[in-house]
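[1] Model the following, please.
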Amino acid sequence: MTQPPNDSTTGTPRTTAARGFASDNQASVHPDILAALATVNDGHQPAYGDDAVTARLREIVRRHFGPRAEVFPMFNGTGANVVSLQAMSERWSSVVCPESAHINTDECGASEKIAGLKLVTVPTPDGKLTPELIEAHATGFGNIQRRQPAVVSITQSTELGTVYTPEETAAVAAAARERGMSVHMDGARIANAAASLGVPLRALTTDAGVDVLSFGGTKNGLLLGEAIVVLNPDAVRGVAYLRKSSMQLASKMRYVSAQLAALLDGDLWLRNATHANAMARRLEAAARTVPGVEITQAVESNAVFAMIPKGAAERLRKRFPFYTWDDRTGEVRWVCSFDTTETDVDAFTTALAEEMAG
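    Purely as a prediction, here's the structure:
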């Protein structure tokens, strides 16, 4: 992705209010989140999660996910995924996941390096696992020469912008259970999936048989902060200790918890995700009218995947930041955020049409 141009006098990147389509990680922080941080920034509170704000977050999380749910605020999504998988597996375990999974492609091998497990990656056209794919790749049980399959990890919404229905997740969970495996969900964009399907968070997780969720906040308006939500305490051990030894235990945890509480206590999580999804659909509809643009994945959340000529992509990227998803094919990804506006989308698709015509 082309970076912001350097200031001609200082050599440092200029900061602008411009919004691009590279990632929801690049979006601003929602004003309600900043307000929540200001509210808790008064006086002293116990450290390491013994504060009143984190206690309140635990109540909110149980309201969404059920009475057995346990929440562990984390700094980032990679940390949430690594600690989750460590708690669900042994050093000789394997984790079955899609080839496109974030734990495989974008976490610098952290799960394998830190947790000592083996990722068994499965090619999929839409980023989604099925019971048939699990059956084909969860093998070697009892073979002393082989890593032992322990966890199935799925992403919601997927890295390709598609979503699992509750029924699809339940089928994956059932296939895992049949083999004595547990289910981890990377929910970096679970809010977008729930908004897309019009179902509560519990329907996609607890009720569908997911054991552990990495809950995403940063992509949905937070300054920083994700969480591990343990839905089935019987599927894990030592999460609290693993979080500390993995350098993910915040001393002033109330500042992470306050953001997650503000997101989940009302409907902010849903409003933010619903808007981002709507902007993606608007972008998709306009892009489909541009000759030569091929939409490559179903637009079910807040991302649009497309094929455009390399030259057009390079020219367009000089005007709006976005990533090339697959360098081999030239497939690009355009991501919308809670703060993406209709004006942003319309300006981008106008520029897309101009560069495709050029």
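[2] For the residue nearest to residue 160 when sequence neighbours are not counted, list the residues it contacts.
    Leaving out its chain neighbours, the residue that sits closest to residue 160 by Cβ to Cβ, 6 or more residues apart in numbering is residue 127, at 3.8 Å. Yep, even glycine has a C-beta here, placed from its N, CA and C like the rest. Applying Cβ atoms under 8 Å, 6 or more residues apart in numbering, we find residue 127 in contact with 98, 100, 101, 155, 158, 159, 160, 161, 162.
[3] next one: residue 108
    Taking Cβ under 8 Å, 6+ apart, we find residue 108 in contact with residue 78.
[4] What backbone torsions are found at it?
    For residue 108, the backbone dihedrals (degrees, to the nearest 10) come out as phi 60, psi 30.
[5] Okay, it and residue 74: tell me how far apart.
    Computed as Cβ to Cβ, to the nearest Å, the residue 108 to residue 74 distance reads 17 Å.
[6] ditto for residue 122
    Taken as Cβ to Cβ, the span from residue 122 to residue 74 is 26 Å.
[7] hmm, back to that, can you confirm the residue nearest to residue 160 is in a helix?
    No - Residue 127: not assigned to a helix; according to DSSP: H, G, I helix; E, B strand; the rest coil it is coil.
[8] Check it and give its pLDDT.
    On the pLDDT scale, residue 127 is placed at 97.
[9] So what does it have for phi and psi?
    Dihedral angles of residue 127 (phi, psi; degrees, to the nearest 10) stand at phi 80, psi 10.
[10] Just confirm residue 146 contacts residue 140, I think it does.
    Yes - Residue 146 is within contact range of residue 140, at 3.2 Å (criterion: Cβ atoms under 8 Å).
[11] on that earlier part again, from the contacts of residue 127, list just the buried residues.
    Those of the contacts of residue 127 that meet the buried threshold are 98, 100, 101, 155, 158, 159, 160, 161, 162, by 16 or more other Cβ atoms under 10 Å.
[12] Touching, the last one and residue 296? I think so.
    The one in question is residue 162. No - counting by Cβ under 8 Å, residue 296 is not a contact partner of residue 162; they are 11.2 Å apart.
[13] From the contact counts, what lies against the top strand by length along the chain?
    Criterion DSSP state E: the longest strand present in the chain is strand 148-155. On a contact count with 3 or more Cβ pairs under 8 Å, 6 or more residues apart in numbering; DSSP states H and E, strand 148-155 meets helix 77-88, strand 93-98, helix 166-178, strand 182-187.
[14] To residue 267, which of these lies closest?
    strand 182-187 (17.4 Å; Cβ to Cβ).
[15] so for the closest one, what's the average pLDDT?
    For strand 182-187, the mean per-residue pLDDT is 98.
[16] which of the buried ones among the contacts of residue 127 sit farthest apart?
    Farthest pair in the buried ones among the contacts of residue 127 (Cβ to Cβ) is 101 and 161. Separation: 13.9 Å.
[17] What residues does the most centrally placed residue in the chain make contact with?
    The centre of the chain sits closest to residue 188, judged by Cα atoms, centre = their mean, with a distance of 1.9 Å. For residue 188, the contact set (Cβ under 8 Å, 6+ apart) comprises 77, 102, 155, 214, 216, 219, 226.
[18] got it, and residue 29?
    Neighbours of residue 29 in contact, by Cβ under 8 Å, 6+ apart: 221, 222, 223.
[19] The last one sits in which helix or strand?
    When you say that, I think you mean residue 223. Per DSSP states H and E: residue 223 is located in neither a helix nor a strand.
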